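Student: Sequence first, predicted model second:
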Amino acid sequence: MSERLRVKKTYKLYVGGKFPRSESGRSYPVSSPDGTELANAALASRKDARDAVAAARKAQRPWAGQTAYLRGQILYRAAEMLEGRAGQFAEELADATGAAPDAALGTVEAAVDRLVHYAGWTDKYASVLGGANPVAGPYFNHTTPEPLGVVAAVAPQDDPLLGLVDAFAPAIAAGNTVVVLASEDRPLPALSLGEVLATSDLPGGVVNLLSGKVAEVAPHLASHADVNGLDLTGVRDADLAASLEAAAAETLKVVRRPGKGADALDLLRQWTEYKTVWHPAGMAAGAGGAY
Amino acid sequence: MGSILSGAEAASLVRALPGVDAVGLEARAAGLSTRSVKTTSKAHAIDLAISMIDLTTLEGADTPGKVRSLAAKAIRPDGDAPATAAVCVYPSMVAAAKEALAGSGVKVASVATGFPAGQVPLDVRLADTEAAVRAGADEIDMVINRGAFLAGDLERVFHEIKAVKAAAGDARLKVILETGELATYDAVRRASWLAMYAGADFIKTSTGKVGVNATLPVTLLMMQAVRDYRALTGVQVGVKPAGGIRNTKDAIKYLVTVNETLGDDWLSNEWFRFGASSLLNDLLMQRQKLKTGRYSGPDYVTVD
């Protein structure tokens, strides 16, 4: 009896709910820190970034239109799926970062907990960030946070799973859709996370995952006129980060600079903008109705 | 210009046309859609495509206000982009379009003859045409009687097109074959020739109201028909694919096909048109991308 050949996984992009190879047909080898070759990952091109932004734009309005409760349920579902595959992710994470197996498992569990945390925020952050404002006049005055739209994120380089969750979960919890460029040298856990998201009732296009070179892809995301927010957390090169920020300013994007620590509410706040409405209060009261 | 043929002559000429090599036609169309058009050539193609658009709104919910805003966009789509060829509306909206486009050089095209089905009596279809022309339409987009055509009554279809041509007077007549309902390439070839024999100034693929609209093979087949018709009779006829052409890439494929099949003589909005509405925004976004180097988005073009 000959020994069974192991079936190896092809690590592909996650765009618009599908798993395409790069439009360019390119791939690049991914190794663990000790130099063991792990797999080949798709090397995204600027056209993949463009396609991902188009998919994210298409998905944005329906996603923001879902109830906050449903968005929370879907994020919670993603946590359930990740929990069920914790073993696989711990292994991938240990390979990717060189972490000890139990430490890697701890990180996966932290990622599950983080997803649950953001799932809980979906129907609460509006009350915390917005509210009724006191005004000097016969008006109700309300402020509500609304999603920016499409957020492009360069995920942290050293923290390929937990950092990735922080790169997309707060943005989608608030009704944005995202295009995430995964860790350049350690993209495999992120690309596997695409499979978790695809089986979590998350509509296609809400999260799009690319793997590739930051210096190649990020400038096209930063200058893209249809991107509303830009997360530069994973950009290590300070000059590149500055030029990306300058490109983003051309189209008035909200930018999160690298190295800026933030808690969950800060991240939710980062990807929202505020709408304030004035509503005449006198009508109902003046008419003496039971309002 | 009316036809000098009788209905029986035209019908027998059309019936004698050879069948279409479907595999060859589709392979040719597929081959023509692999060309890579970039940078300055692409910029030229985009502007040419914009100038060939019949910017169309054919909805039950059309209002004079909507037609006016469409007309404003047709005249000045974006910055220094060229104007479109025409605005295409229902007969009841012709007057509003005419007024909004006065002096701009953009033409008013009107669908007529009981668009889109054409299943109304001939006198009603003729009255529809006359009303559109009276209201100021420069071009008439008529539908052929597919029922009669598919039943084999080619003479009747021929006479009806001739009658509409007479009713249209000086307005250029575009004859919509509705290729999605003709089922076979052979039928498309016959319908193209029949329309040209009857005096069509343009042959147009589709109404945009059925499942299958313009496809590249069908449009290529119609281009071959107008090329052969000019070789035979000396009369040049235009081609207008309509419906389903939504992005720049598709539009450029059509332009490549025009150039390879018909040549320069047809590469202007006098002889080639796109019936489209959402295509224009994609062309404008691609145009902005070429100008600024940044990908554009729907926030930077009008909401129609």
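Tutor: Thanks, I have the structure now. Numbering: from 1, shown residues only, chains lettered A, B, ... in the order given.

Student: Helices of chain A, start to end?
Tutor: Assigned by DSSP state H, the helices in chain A fall at A:46-65, A:68-84, A:86-97, A:101-121, A:125-129, A:162-173, A:188-198, A:214-223, A:238-250, A:264-270, A:282-286.

Student: repeat for the stretch 201-304 of chain B
Tutor: With DSSP state H, counting those that start in this stretch, the ranges of helices along the stretch 201-304 of chain B come out as B:216-233, B:248-261, B:278-292.

Student: B:Ala49 is nearest to which of those helices?
Tutor: B:Ala49 sits nearest to helix B:248-261 of all the helices of the stretch 201-304 of chain B, at 4.3 Å, using CB to CB. All C-beta atoms are positioned from the backbone trio N, CA, C, and that covers glycine.

Student: Would you mark the buried spots in that closest one?
Tutor: Judged by neighbour count using 16 or more other CB atoms under 10 Å in any protein chain shown, the buried positions of helix B:248-261 are B:Thr248, B:Asp250, B:Ala251, B:Ile252, B:Lys253, B:Tyr254, B:Leu255, B:Val256, B:Thr257, B:Val258, B:Thr261.

Student: now those in TSV, with distance to chain A and pLDDT?
Tutor: Below are these laid out as TSV (distance: CB to the nearest CB, whole Å; pLDDT from 0 to 100):
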residue	distance to chain A	pLDDT
B:Thr248	13	96
B:Asp250	16	96
B:Ala251	18	97
B:Ile252	16	97
B:Lys253	18	97
B:Tyr254	22	98
B:Leu255	22	97
B:Val256	20	97
B:Thr257	24	97
B:Val258	26	98
B:Thr261	29	97
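
Student: for those residues, which one is nearest B:Arg125?
Tutor: B:Tyr254 (29.3 Å).

Student: my guess is that closest one meets B:Val218, correct?
Tutor: No: counting by CB atoms under 8 Å, B:Val218 is not a contact partner of B:Tyr254; they are 11.3 Å apart.

Student: Now the common contact residues for these two.
Tutor: Taking CB atoms under 8 Å, 6 or more residues apart in numbering or on different chains as the contact rule, B:Tyr254 and B:Val218 both touch B:Pro241.

Student: In the stretch 51-200 of chain B, what residue lies closest to chain A?
Tutor: B:Asp78 (13.5 Å; CB to the nearest CB).

Student: and the closest residue to that residue other than its chain neighbours, what is it in contact with?
Tutor: Once flanking residues are discounted, B:Asp78 sits nearest to B:Leu284: 4.7 Å by CB to CB, 6 or more residues apart in numbering or on different chains. Taking CB under 8 Å, 6+ apart, we find B:Leu284 in contact with B:Ile50, B:Pro77, B:Asp78, B:Ala81, B:Ser296, B:Val301.

Student: from the residues you listed, which is closest to A:Ala167?
Tutor: Looking across the contacts of B:Leu284 and measuring by CB to CB, the closest to A:Ala167 is B:Ser296, at 25.1 Å.

Student: Spit out the contact partners of residue 143.
Tutor: I went with chain A, as the question did not name one. With CB under 8 Å, 6+ apart, A:Thr143 has these contacts: A:Gly130, A:Gly131, A:Asn133, A:Tyr274, A:Lys275, A:Thr276.

Student: was after chain B, sorry
Tutor: Per CB under 8 Å, 6+ apart, neighbours of B:Val143: B:Val111, B:Thr113, B:Gly114, B:Phe115, B:Pro116, B:Ala117, B:Gly118, B:Ile176, B:Glu178, B:Thr207.

Student: B:Glu178 is in contact with the last one, correct?
Tutor: Yes: A contact is recorded between B:Thr207 and B:Glu178 when judged using CB under 8 Å, the distance being 5.7 Å.

Student: Find residues that contact each of those two.
Tutor: Shared contacts of B:Thr207 and B:Glu178, counting by CB under 8 Å, 6+ apart, come down to B:Pro116, B:Val143.

Student: And the contacts of B:Leu284, which two are furthest apart?
Tutor: Distances among those were taken as CB to CB; the most separated pair is B:Ile50 and B:Ser296, at 14.8 Å.

Student: Among the two, which residue is more densely surrounded?
Tutor: Counted by other CB atoms under 10 Å in any protein chain shown, B:Ile50 and B:Ser296 do not tie: B:Ile50 has more neighbours, with 25 against 22.

Student: The more buried one and chain A: what is the separation?
Tutor: Separation of B:Ile50 from chain A (CB to the nearest CB, to the nearest Å): 19 Å.

Student: Check which helices and strands the helix or strand harbouring that residue is in contact with.
Tutor: Assigned by DSSP states H and E, B:Ile50 belongs to helix B:39-51. The contact analysis (3 or more CB pairs under 8 Å, 6 or more residues apart in numbering or on different chains; DSSP states H and E) places helix B:39-51 against helix B:248-261, helix B:278-292.

Student: Near chain B, which residues of chain A are found?
Tutor: Those residues of chain A that sit near chain B, judged by CB under 8 Å from any CB of the partner chain, are A:Arg50, A:Val53, A:Arg57, A:His220, A:Ser223, A:His224, A:Ala225, A:Asp226, A:Val227, A:Glu250, A:Thr251.

Student: same thing but at 10 Å, please
Tutor: Within chain A, the residues that sit near chain B (CB under 10 Å from any CB of the partner chain) are A:46-47, A:49-50, A:53-54, A:57-58, A:149-150, A:219-228, A:247, A:250-251.

Student: Among the residues you listed, the buried ones, what's the PyMOL command?
Tutor: Paste this into PyMOL to select the buried members of those, with burial taken from 16+ other CB under 10 Å:
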select buried, chain A and resi 46+49+50+53+54+57+58+149+150+219+220+221+222+223+224+225+226+227+228+247+251
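
Student: What count of nearby residues applies to the spatially closest residue to A:Glu109 that is not a sequence neighbour?
Tutor: Computed as CB to CB, 6+ apart, the closest residue to A:Glu109 that is not its neighbour in sequence is A:Ala86, at 6.7 Å. The tally of other residues near A:Ala86 (other CB under 10 Å) stands at 15.

Student: Enumerate the residues of the stretch 201-304 of chain B near chain A.
Tutor: B:Met285, B:Gln288, B:Lys289, B:Thr292, B:Gly293, B:Arg294, B:Tyr295, B:Ser296, B:Gly297, B:Pro298, B:Asp299, B:Tyr300.

Student: Just the buried residues out of those residues, in PyMOL syntax.
Tutor: Only the buried entries of these go into this PyMOL selection, using 16+ other CB under 10 Å:
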select buried, chain B and resi 285+288+289+294+295+296+297+300
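
Student: Go through the residues of the stretch 201-304 of chain B next to chain A and name the one nearest chain A.
Tutor: Among those, and counting by CB to the nearest CB, the member closest to chain A is B:Gly297, at 2.5 Å.
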